[in-house]
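Trainee: My questions concern the predicted model and sequence given below.
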Amino acid sequence: MTEATRRERLRAETEREIRRQARALLVEHGRDAVTLRAIAREVGITAPGLYRYYDSREDLLRRLAEDICTDLAAELEADLDRIGEHDVSAQVYAVCRGFRRWALAHPQEFTLVFASTEDTIGSCAPHGDRNQVGDQFGRVFLEVAGRLIASHPLPDDLGDDEVPADLHADLAAFQEVLLATVNDRGVDVTPDVLPLGAVYHITQSWVRIYGHVALEVFGRFPFAVSNPEPMFDSMLAQILGEMGFPPQR
């Protein structure tokens, strides 16, 4: 091993250890506890020394969010691997239930990635890139939803006529993103199969799922709910029912 290679390996190991300690602080004490001074103390280096590895605390938090997204994606993909390739509606349930399960088990990670007010941190896509889905759950969910629509004729009431005119331009841009996301996984989907009405329905569904999970994670339901899971499953059944699919058990 050359000296340069050894230095690169040691640097990579130190970077991983910094992020590991940062994530431990996040999980145990929340985002505000993730400071350069605290991380440096855990790693055993000086706080100024961290700047050799990360430009700023925000840079470190962004990399930490990327790690979290990667772990979430791997968990969702593992759920999908246990389902038959052609049972797409079951895949939708698995992705959505998997996301809720992960969020409830990782509230601090969920908050950093999905509830951050800073665009450069709370996103897993390059900052400002409108051509990519903004997080790993969104990418996996939209990919599965796109396959579902591509494999099943849409009900007439999900046509383009239902899309508010003010949203046409934004949805047309997002339509391209969704088509690319689905086609990148080997599913041949064209704009006529995935019209604006379908994109609108998928987007609304995505927002509803996010909203339910966020309310549950933060304990913000407008009334006491002892067990929100049946409500979540009922919402998923309604979303799929609007697309003409029977509920899953």
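Mentor: Here it is on my side, so go on.
Trainee: Could you list the residues in contact with the helix or strand bottoming out on mean pLDDT in the chain?
Mentor: When the helices and strands of the chain are scored by mean pLDDT, DSSP states H and E, helix 136-150 comes last with a mean of 73. The contact list for helix 136-150, computed with CB atoms under 8 Å, 6 or more residues apart in numbering, reads 69-70, 72-73, 76-77, 80, 88-89, 91-92, 95-96, 99, 114, 124, 133, 178-179, 181-182, 185, 187-189, 193-194, 198, 202, 205-206, 209, 243, 245. To be clear about C-beta, it is placed using only N, CA and C from the backbone, and glycine gets the same treatment.
Trainee: Could you do stretch 95-105 as well?
Mentor: The contact list for stretch 95-105 (CB under 8 Å, 6+ apart) reads 72, 75-76, 79-80, 110, 114, 137, 140-141, 144, 209, 212-213, 216-217, 232-233, 236.
Trainee: domain parsing for this structure?
Mentor: 1-54, 66-241 (automatic domain parsing).
Trainee: nearest spatial neighbour of residue 216, skipping sequence neighbours?
Mentor: Closest residue to residue 216 apart from its sequence neighbours, by CB to CB, 6 or more residues apart in numbering: residue 228 at 5.1 Å.
Trainee: Buried ones among the contacts of stretch 95-105?
Mentor: 72, 75-76, 79-80, 110, 114, 137, 140-141, 144, 209, 212-213, 216-217, 232-233, 236 (16 or more other CB atoms under 10 Å).
Trainee: low-scoring stretches of this protein, by residue?
Mentor: Counting by pLDDT under 70, the low-confidence segments of the chain come to 1, 3-4, 117-137, 153-159, 185-186, 247-249.
Trainee: Go again with 80.
Mentor: Residue ranges of the chain with pLDDT under 80: 1-4, 6, 85, 116-162, 181-190, 193-194, 243-249.
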